[in-house]
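In: How does the following fold in three dimensions:
(2 chains)
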Amino acid sequence: MEAQQKPPAPKKKLRRRSLYQSVWRWHFYAGLIIMPFLIILAVTGGIYLFKPQIEAALYKDYYEVTPQTTVTTPSEQIDTVETIYPDAAVTSYRPSDSPDRSAEIGIQQDGTAFTVFVDPYTNVVLGKLEESYRLVNVIEKIHGELLMGTVGDRIVEWAACWALILLITGVYLGWPKSKTRIRGVLVPRLNKGKKLLARDMHVVPAFWISLGLLFLILTGLPWSGLWGNNFQALTTNAGIGYPPSVWVGDAPASDVKTKEIADVPWSAENLPVPVSANQQYAQLSVDDVVQIADEEGVKPGYNIMIPQTHDGVFTLSAFPPNARDEVTMHIDQYTGAVLADYRYDNYQLLGKIIAYGITIHKGTEFGIWNQIIGVIVCLGIVGIAVSGFILWLSRKPKGKLGSPKAPSDKVMKGVIAIIIILGIVFPLVGISIIIVWLFDRFVIPRVPALKRFFNA
Amino acid sequence: MRRLVITSLLLMLFLLAACSADPDAAAHYSQRKEVNVNIEVPDSIEANSVPRIDVLLTSDGKALDKEADVTFLVWKDDNKAEAETIPASRKEDGGYQLEYTFPSEGVYYVKADVIVDNIHLMPTKQLRVGELTEEEKQKILQEQEQRKQKDSGSHHHH
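Out: All right, here's what the predicted structure looks like:
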């Protein structure tokens, strides 16, 4: 719109101006569509950062125990839980990781997962929580899948990828036009009128936050459902990422001596007495698994998943605040053999980078400063989204969207090429780009009202 | 332009097709030395007899040539707390033998505690000594039926 009022510029300048317009258009499309999702992700993420503090405060009565001289064994604690909840199946055991902390026993009751907290000294059940209703789990579910399962997961992934496009196009748009003009990028111009202030309130924070946002997007994507899983599978298979079963891939199986399995229903708990066969291997007790963990040098703070099938394994896993302390260990349920032992040191380069990315993303790697910087970035993201919206409102002519006039096809190709590459690397972006492109190309030109509205 | 769009569409479809982890991917990462353990027990055991019970250790399908530290624990029914500890005697063929007289009929547990290098194995085998009475069998079958129902009630989500 501004271009029309100016005298004809040299061709080169005109082309640059057109490119600028087309990037502006895409920045605007992307921004308007994903703004609500970015705000949701930033708010839930900002809260989730404080998971340790929130849970410690909420579940104080379940977490804290008074140290005493005698301790009961894990299997005694599991027996207690089985007695109190006779219709539940025990699925996991998490030993106490400090003298004043309770042990946690995971159970399945009518298809619902609960955690039961047990005082290891007195063997008394302190309480039971339904996993899916724990506050931070709900927040995590919103952050990861908007409480909509797979569909939500794809939407989040798609929004994160589009945020990447926003970031790239935003950097192009906000780049200082000359080296001396850092005001308006690094610092806002407060006394140059309302219009410039509205612009600077978007561009300046965006510049400062953009690195943090880029980091959060890149570290968050590896755990998305579609792109993340494919990426993890590719790196794991190529031997450059996480070992199998840490993220993707199956755990090894327990050695089932089939000829010795009696024709009885398999149960994770005590063996039924053999009626038809006279001998069979029994499952290791959780006490043995804890002993193995200790002998293998795994520090408490891990969770033991109890096998639920004939050939399942005990999986011992720890994802503590620091990436370098991570453990995933699979133990044969009949012999106690360590079938696989994957520590941080056993991750390949990309796996190590992703692991650090995740702990920093979650705000646990560098303690309180990690949380503070994380929450600043989250607040910044909300601010950018809101100020971007205000900026658009302040510039928007009545009855129009206010996007710059569409440039010629030729200039657009350059921008399209960059966006297509992103669309190929991130298929969900690619699909939505095609939809937007089809709309931009075939629908808008045919409907006069839309054409006016989009200024095409 | 059209060709570019079609090519990228095809590429995207290719990338959208879910990759899955290769079952052999573990070979790219650190692997543990595997020692297999078997507790060999005769098909039937009579009370007051000393059946031949051996622990065999193998690695890569061959008998393990390293000497292991093997101890047995034997207990009846749920009396694990009163388990007897019996050191194994090493046989010339490389196996480790348990010499134990089962004093009465019933259900026993034999646990072999095996330490070789830094590997610690602890398989437990449940043995039936003699015959169970018809009453005992019925009681067991009933318990199994209950367990089955409980399993189908609590595991159906898997």
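
In: burial count for A:V156?
Out: Residues lying near A:V156 (other CB atoms under 10 Å in any protein chain shown) number 23. The way it works is simple: take the backbone N, C-alpha and C, and place the C-beta from them, glycine included.

In: what about it, distance to chain B?
Out: 17 Å (CB to the nearest CB, to the nearest Å).

In: what sits against that residue?
Out: A:V156 is in contact with A:37, A:41, A:143-146, A:224, counting by CB atoms under 8 Å, 6 or more residues apart in numbering or on different chains.

In: Ranking by neighbours, what's the top pick from those residues?
Out: Counting neighbours by other CB under 10 Å, the top entry in the contacts of A:V156 is A:L41, with 25 neighbours.

In: which residues does that residue contact?
Out: The contact partners of A:L41, by CB under 8 Å, 6+ apart, come to A:143, A:156, A:159-160, A:381.

In: In which helix or strand does it reside?
Out: Element membership of A:L41 [criterion: DSSP states H and E] is helix A:11-48.

In: Quick check: chain neighbours aside, which residue is closest to A:L339?
Out: Distances taken as CB to CB, 6 or more residues apart in numbering or on different chains put A:P252 closest to A:L339, at 4.1 Å, once the chain neighbours are dropped.

In: where does the one you found land on pLDDT?
Out: Per-residue confidence at A:P252 stands at 88 (pLDDT).

In: ok, now the one 5 residues further on?
Out: Residue-level confidence at A:K257 comes out at 66, pLDDT.

In: three-state assignment of the nearest residue to A:P300 once chain neighbours are set aside?
Out: Among residues not flanking A:P300 along the chain, A:D97 sits closest, at 3.9 Å (CB to CB, 6+ apart). Following DSSP: H, G, I helix; E, B strand; the rest coil, A:D97 is assigned to coil.

In: Please identify which helix or strand holds B:D54.
Out: Assigned by DSSP H and E, B:D54 falls in strand B:53-59.

In: What pairs with that strand, parallel or antiparallel?
Out: Within its sheet, and counting by DSSP bridges, strand B:53-59 is paired with strand B:36-40 (antiparallel), strand B:62-63 (antiparallel), strand B:96-98 (antiparallel).

In: residues of that strand that come out buried?
Out: By neighbour count on 16 or more other CB atoms under 10 Å in any protein chain shown, the buried set for strand B:53-59 is B:53-57.

In: ok, now which ones touch the residue nearest the centre of chain B?
Out: Centroid check for chain B by CA atoms, centre = their mean gives B:P123 as the closest residue, at 5.9 Å. Neighbouring residues of B:P123 by CB under 8 Å, 6+ apart: A:281, A:334-336, B:37-39, B:111-112, B:114.

In: Out of those residues, which one has the lowest pLDDT?
Out: Scanning the contacts of B:P123 for pLDDT, the low point is A:Y281. It has 88.

In: would it count as being in a strand?
Out: Yes: counting by three-state DSSP, A:Y281 is part of a strand.

In: who does it bridge with?
Out: Bridge pairing for A:Y281 (DSSP bridges) gives the partners B:K125.

In: these two touch, right, it and B:L127?
Out: No: between A:Y281 and B:L127 there is no contact under CB atoms under 8 Å: 10.7 Å.

In: could you give the angle of the helix or strand just after the helix holding A:L41 to helix A:11-48?
Out: As assigned by DSSP H and E, the chain's next helix or strand after helix A:11-48 is helix A:51-58. Counting by axes from the mean of the first three to the mean of the last three CA atoms, to 10 degrees, helix A:51-58 points 30 degrees away from the direction of helix A:11-48.

In: buried sites along whichever helix or strand comes after helix A:51-58?
Out: Where DSSP H and E defines the elements, the next helix or strand beyond helix A:51-58 is helix A:60-63. If you call a residue buried by 16+ other CB under 10 Å, then helix A:60-63 has these buried ones: A:62-63.

In: cool, and stretch B:65-76?
Out: Across stretch B:65-76, burial judged by 16+ other CB under 10 Å covers B:68, B:70-76.

In: export the residues you listed to TSV and tack on secondary structure and pLDDT?
Out: Below are the buried residues of stretch B:65-76 laid out as TSV (DSSP: H, G, I helix; E, B strand; the rest coil; pLDDT from 0 to 100):
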residue	secondary structure	pLDDT
B:A68	coil	91
B:V70	strand	94
B:T71	strand	95
B:F72	strand	96
B:L73	strand	95
B:V74	strand	95
B:W75	strand	93
B:K76	strand	88
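
In: of those, closest to A:L450?
Out: Of all the buried residues of stretch B:65-76, A:L450 sits closest to B:A68, with 79.5 Å by CB to CB.

In: Starting from A:S285, give me the distance back to that closest one.
Out: 22 Å (CB to CB, to the nearest Å).

In: Equivalent analysis for A:L58, please.
Out: According to CB to CB, A:L58 and A:S285 sit 32 Å apart.

In: Neighbour count for the two, which is higher?
Out: For A:L58 versus A:S285, neighbours defined as other CB under 10 Å are more numerous around A:S285 (19 against 14).

In: Run a quick neighbour tally on the closest residue to the more buried one other than its chain neighbours.
Out: Take A:S285 and drop its neighbours on the chain: the residue closest to it by CB to CB, 6+ apart is A:S75, 5.0 Å away. Neighbour count of A:S75, defined by other CB under 10 Å: 16.

In: Also A:T309?
Out: As a burial measure, A:T309 scores 14 neighbours (other CB under 10 Å).

In: Now it: which helix or strand?
Out: Using DSSP H and E, A:T309 falls outside every helix and strand.

In: Report pLDDT for it.
Out: Looking at A:T309, its pLDDT is 84.

In: For A:V256, see how far away it is.
Out: Distance, A:T309 to A:V256, using CB to CB: 10 Å.

In: go on, A:G46?
Out: Using CB to CB, A:G46 is found at 47 Å from A:V256.

In: The two: which is more packed in?
Out: A count of neighbours by other CB under 10 Å puts A:G46 above the other of A:G46 and A:V256, at 21 against 17.

In: Do I have it right that the more buried one meets A:I373?
Out: No: judged on CB under 8 Å, A:G46 makes no contact with A:I373 at a distance of 11.4 Å.

In: for stretch A:164-174, what is the average pLDDT?
Out: 82.

In: hmm, I was thinking of stretch A:186-195
Out: 78.

In: Then stretch A:22-33?
Out: Across stretch A:22-33, pLDDT averages out at 79.

In: In the strand ranked longest in chain B, which residues are buried?
Out: As assigned by DSSP state E, the longest strand anywhere in chain B is strand B:106-116. By neighbour count with 16+ other CB under 10 Å, strand B:106-116 contains the buried residues B:106-114, B:116.

In: Check those residues one by one and keep those near chain A.
Out: The subset of the buried residues of strand B:106-116 within reach of chain A, by CB under 8 Å from any CB of the partner chain, is B:107, B:109.

In: ok, the nearest residue in space to A:L129 that is not next to it in sequence - contacts?
Out: Closest residue in space to A:L129, ignoring its immediate chain neighbours: A:T115 at 5.0 Å, by CB to CB, 6+ apart. Applying CB under 8 Å, 6+ apart to A:T115 gives the contacts A:104-107, A:128-129, A:131.

In: Name the member of those with the most neighbours.
Out: Scoring the contacts of A:T115 on neighbours with other CB under 10 Å, the highest-scoring entry is A:I105 at 27 neighbours.
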